[in-house]
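K.L.:
How does the following fold in three dimensions:
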Amino acid sequence: MDSLTEALLSGADPDEIGRYELPSEYEAAHLLAADVGMFDGVENKDVRKSLHVGRVPMPDIAPDEVVVAVMASSINYNTVWSATFEPVPTFEFLKRYARQGGYAARHDLPHQVVGSDAAGIVVRVGAGVRHWKVGDHVVASCVQVDEQEPATHADAMLGSEQRIWGYETNFGGLAHYSVVRASQLLPKPAHLTWEESAGVLLTAATSYRMLVGDNGARIKQGDIVLIWGATGGLGAFAVQMVKNAGGIAVGVVSSERKAEVLRRLGCDVVINRNEIGMGGDDALTPQRTIELGKRLGREIRRQVGEDPHVVFDYVGRATFGISVFVVRKGGVVVTCGSSTGYDHHFDNRYLWMNLKRIVGSHAANLQEQAECNRLFRLGHLSPVLSEVFPLKEVGEAARLVQMNKHIGKVGVLCLAPEEGLGVTDPVLREKIGVSRLNPLRGSGAPDSAEAS
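P.N.:
Numbers count the residues shown, from 1 in each chain. Next up, the predicted model:
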């Protein structure tokens, strides 16, 4: 163990942290460019074979960057995409980025450190960093933007140089150390542990932009919101946000076990799709899509009395046509991903003739993330962590997500030697209550294959 890591784990103060040299190498979950193509023609693209954990060199930092000692991280679906080299190998992103020259050239390496979440301690700041200092406890946004690009100042997600850190860049969060831009950082919620706060920002802020922010559905009191994959990371945060807004959350699940989890989150209406004939193996012909949409619509009207105002869909091909059909006249389908496939099919008559809208959403800008993070800091949103793995078992953690056998968020301990560390406001934690902060702990992995 290097001296800086020893100092951090012994609780060193900021002055002491700053006196230690950065290690020349650090432990990280990474992919190898030499492995691209290893899954060609292979049906079972097992990410445990492509995700490596080992030493990688510490990069130099740019003037607007910081080095974070990562105490904990989490698994997001983009790590699965990276580790299966689909839909394209992420090394192509790194090569394209490196062509800008300067500090961007560092990213084109024979390895890529992956991971797009992190909670940890700032250990170095670049010469141009103004608002962060060594010793600060932070969470890292997954979004890197070009602050010199005009579109960034309207909405950072519109910038052509916007990238997802640890997916479209190198030096990601599934590691002992990570390099991030200062504009990615927000204060860590003081009442949360490292692993709780590390499983929050990417998914929760994405859900916030989709549902609450001005760039999404802008839900309000009384809105009925249909949430696919409601026990996954995105969905479980969406349920909380709908409830906070005074809306009516309708969650669709594929097993009674997941239904129990969803009720624990306070979801108003829980629909087991198997009980209404919506099995996961349906061949979604246009006729079948309409038939399933009618079944789902009848069940929602039976329990709520109305059609949904908003459909929250990140599942993709398996659900999107149904979403367009089932949302009410003038309603909104908001989408941020396609875990079951990007090639969506829907009957456009139900869209144009009923004045429905489809809103595309991607991650969240820093203001949206700050507003979302504030809700966690106030205790108005809770983490949805279900399981925690050590960094050396990151392949198993990612495989759980790849196979959709998880619920909520799957955490990864990086430098933190055990769970439960990092709380600096125990009073607020006790006031909120540990059970409320961890509604999904002890739930176990569900036995269904619902996309989450």
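K.L.:
C-alpha only now, for contacts and for neighbours.
P.N.:
Will do.
K.L.:
Count the neighbours of Q184 for me.
P.N.:
For Q184, the neighbour count with other C-alpha atoms under 10 Å is 20.
K.L.:
I'd guessed it sits against V138; true?
P.N.:
No - the criterion here is C-alpha atoms under 8 Å, and Q184 misses it with V138 at 9.6 Å.
K.L.:
As a check, name the ranges of all strands in the stretch 101-250 of the chain.
P.N.:
Counting by DSSP state E, counting those that start in this stretch, one finds strands in the stretch 101-250 of the chain at the ranges 111-113, 118-125, 137-140, 143-144, 163-164, 177-181, 185-187, 224-228, 248-253.
K.L.:
TSV for the ones you listed, including mean pLDDT and mean neighbour count?
P.N.:
What follows is the strands of the stretch 101-250 of the chain, written out as TSV (pLDDT from 0 to 100; neighbours: other C-alpha atoms under 10 Å):
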stretch	mean pLDDT	mean neighbour count
strand 111-113	98	24
strand 118-125	98	28
strand 137-140	98	27
strand 143-144	96	24
strand 163-164	97	18
strand 177-181	98	26
strand 185-187	98	21
strand 224-228	97	28
strand 248-253	96	25
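K.L.:
now for those, which one comes closest to N272?
P.N.:
N272 lies closest, by C-alpha to C-alpha, to one member of the strands of the stretch 101-250 of the chain: strand 248-253, at 5.0 Å.
K.L.:
by how many degrees do that closest one and strand 224-228 diverge?
P.N.:
Direction vectors for strand 248-253 and strand 224-228, defined by axes from the mean of the first three to the mean of the last three C-alpha atoms, to 10 degrees, enclose an angle of 20 degrees.
K.L.:
Could you give the separation of strand 248-253 from the chain centroid?
P.N.:
Put simply, strand 248-253 sits 20 Å off its chain's centre (C-alpha atoms, centre = their mean, to the nearest Å).
K.L.:
if we can go back for a sec, closest one to I432 among the strands of the stretch 101-250 of the chain?
P.N.:
Among the strands of the stretch 101-250 of the chain, the nearest to I432 by C-alpha to C-alpha is strand 185-187 (19.1 Å).
K.L.:
in terms of contact, does Q402 touch N78 like I think?
P.N.:
No - Q402 lies out of contact with N78 (C-alpha under 8 Å); the separation is 10.0 Å.
K.L.:
of those two, who's got more company?
P.N.:
A side-by-side neighbour count of Q402 and N78, using other C-alpha under 10 Å, places Q402 first with 24 against 18.
K.L.:
residues in contact with the residue lying closest to the more buried one once chain neighbours are set aside?
P.N.:
Once flanking residues are discounted, Q402 sits nearest to V80: 6.1 Å by C-alpha to C-alpha, 6 or more residues apart in numbering. Residues near V80 by C-alpha atoms under 8 Å, 6 or more residues apart in numbering: 47, 398-399, 401-402.
K.L.:
any idea of the pLDDT on S443?
P.N.:
Note on S443: pLDDT of 60.
K.L.:
Start at 54, not 1
P.N.:
Sure, I'll start counting at 54 from here, so that last one is S496.
K.L.:
Can you name the helix or strand that the residue nearest to Q455 falls in?
P.N.:
Per DSSP states H and E: V133 is located in helix 130-137.
K.L.:
how far is that helix from where the chain is centred?
P.N.:
On C-alpha atoms, centre = their mean, the centre of helix 130-137 falls 12 Å from that of its chain.
K.L.:
what about stretch 327-337, start to end distance?
P.N.:
15 Å (C-alpha to C-alpha, to the nearest Å).
K.L.:
Excluding chain neighbours, what is closest to T256?
P.N.:
What sits nearest to T256 in space, not counting adjacent residues and going by C-alpha to C-alpha, 6+ apart, is L287, at 5.1 Å.
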